[in-house]
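S.K.: Please work out how this folds:
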Amino acid sequence: MKAENLFDLSDKVAVITGSGKGIGKGIAKLLSESGAKVVLCSRTKEDVEEVAREITSNGGTAFPTVCDVTIDDQLVSLADSAISEFGAIDIWVNNVGGSTGRSSLKELSRSDWDKTIALTLTSVFVGCQVAARNMHCGSIINISSRSSWGAVPNNSHYAAAKAGVNVLTASLAHELGPDIRCNAVASGAVPTDIFFKVMKMQPEDLPQYAKDTGVPLQRLGTPKDIAGAVLFLCSEASSWMTGEVITVSGGR
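M.R.: Okay, the predicted model is just below:
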C-alpha cells in the first residue's frame, strides 16, 4: 500500500460517542477529513447538529444523533441508526467518560462512585458489545486516560474506571480478533469543559499547570492530538495492532 493511502478512510463509517464537543468533536472532524462518513452522538441535540454543519460545510458526510451512552437501549439505537443511514459500521470510538469531581476516599459517596463507573467504564463495555454485534470487521477504539496508570489521589473513582477500560480493551482484542481490532488511547490532560469543571481551573491557569506537572512538551493537549492517535488506530497504518493502549500525554 502506498504511503498516501495508509490513513485513507474513504467509504468507512465511523461512530463516535460524545462527539458534540471536546475530544469527540476533534476525532469526528479528523476522521471525516480522512474520508469517513461519521455518525455523531451526544445528549445535546444542538451540539451534534452544529458539528454536523461544520463537517458538511467542509465537504464531509455526517449524521447527528442524540444518545445517552448510560442507557443501553440508546446505544443499540445508535448502531441501528448508523446502519440504516450508511449501511454498515467500520469504526466505533467509545469517547464518553468523566468524573463527578475530585474527592478523597473518605468523602467520596457511593453515588458518585456508581455514576463515574457507569459513565466511564460501563458505557464503554456496552458500546463495545453493541459495536461487536453490528460490525463484520473493523476497529473499536476506546478513549482511556493517563490517569489509568499509577496513583491518582482524590480521583480514584475515575482512575479505576479508566484502568478498567484498559483491561477491557486488551481482553476484547483476544475475543474479537482477527476481524475486529480493539485498541485504546490513554489521553493526558486536554482542557475540555469537563477538565475545567473537575480540576476547578480557568484557561489562564493552564501554562502554570503544565509546568507544575512536568510535561516535557510544556503544553497540555488538544482534541486534535488525541484524534491523530485515533486515526492511526483505525487506519491501515496500524493493521497489525490490537489490544494496545497508546499514551498521548506530552511525555508525562
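
S.K.: can we go C-alpha only for contacts and neighbour counts from here?
M.R.: OK.

S.K.: which residue of this protein sits farthest from its center?
M.R.: K106 (30.1 Å; Cα atoms, centre = their mean).

S.K.: Relative to W149, how far out is that one?
M.R.: Computed with Cα to Cα, to the nearest Å, the distance linking K106 and W149 is 22 Å.

S.K.: what do you get for G26?
M.R.: Distance from G26 to W149, by Cα to Cα: 24 Å.

S.K.: Give me the more crowded residue out of the two.
M.R.: G26 (21 against 14; other Cα atoms under 10 Å).

S.K.: Name the helix or strand of this structure that has the lowest mean pLDDT.
M.R.: Counting by mean pLDDT, DSSP states H and E, the chain has its least confident helix or strand at helix 193-199, which shows a mean of 79.

S.K.: For that helix, output the C-alpha coordinates as PDB.
M.R.: Taking only C-alpha atoms (Å, rounded to 0.1, in the frame of the first residue of the first chain), the coordinates of helix 193-199 have been written out as PDB:
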ATOM      1  CA  ASP A 193     -15.200  21.700  29.600                       C
ATOM      2  CA  ILE A 194     -15.100  18.600  31.800                       C
ATOM      3  CA  PHE A 195     -11.400  19.100  32.600                       C
ATOM      4  CA  PHE A 196     -12.000  22.700  33.800                       C
ATOM      5  CA  LYS A 197     -15.000  21.600  35.900                       C
ATOM      6  CA  VAL A 198     -13.300  18.700  37.600                       C
ATOM      7  CA  MET A 199     -10.000  20.500  38.100                       C
END
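
S.K.: how about it: buried residues?
M.R.: By 16 or more other Cα atoms under 10 Å, the buried positions in helix 193-199 come out as 194-195.

S.K.: Likewise for stretch 142-153?
M.R.: If you call a residue buried by 16+ other Cα under 10 Å, then stretch 142-153 has these buried ones: 142-148.

S.K.: How far does it sit from its chain's centre?
M.R.: Remark: stretch 142-153 is offset 14 Å from the chain centroid, using Cα atoms, centre = their mean, to the nearest Å.

S.K.: Now that stretch - C-alpha only, CSV.
M.R.: Taking Å, rounded to 0.1, in the frame of the first residue of the first chain, the C-alpha atoms of stretch 142-153 are listed here in CSV:
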residue,chain,number,x,y,z
ASN,A,142,-11.7,3.3,23.5
ILE,A,143,-10.6,6.6,24.9
SER,A,144,-8.8,6.0,28.2
SER,A,145,-6.7,8.3,30.3
ARG,A,146,-3.2,8.8,31.6
SER,A,147,-4.9,8.6,35.0
SER,A,148,-5.3,4.8,34.4
TRP,A,149,-1.6,4.3,35.1
GLY,A,150,-0.5,4.6,38.7
ALA,A,151,-1.9,6.6,41.7
VAL,A,152,-4.4,9.4,41.2
PRO,A,153,-5.1,10.7,44.7
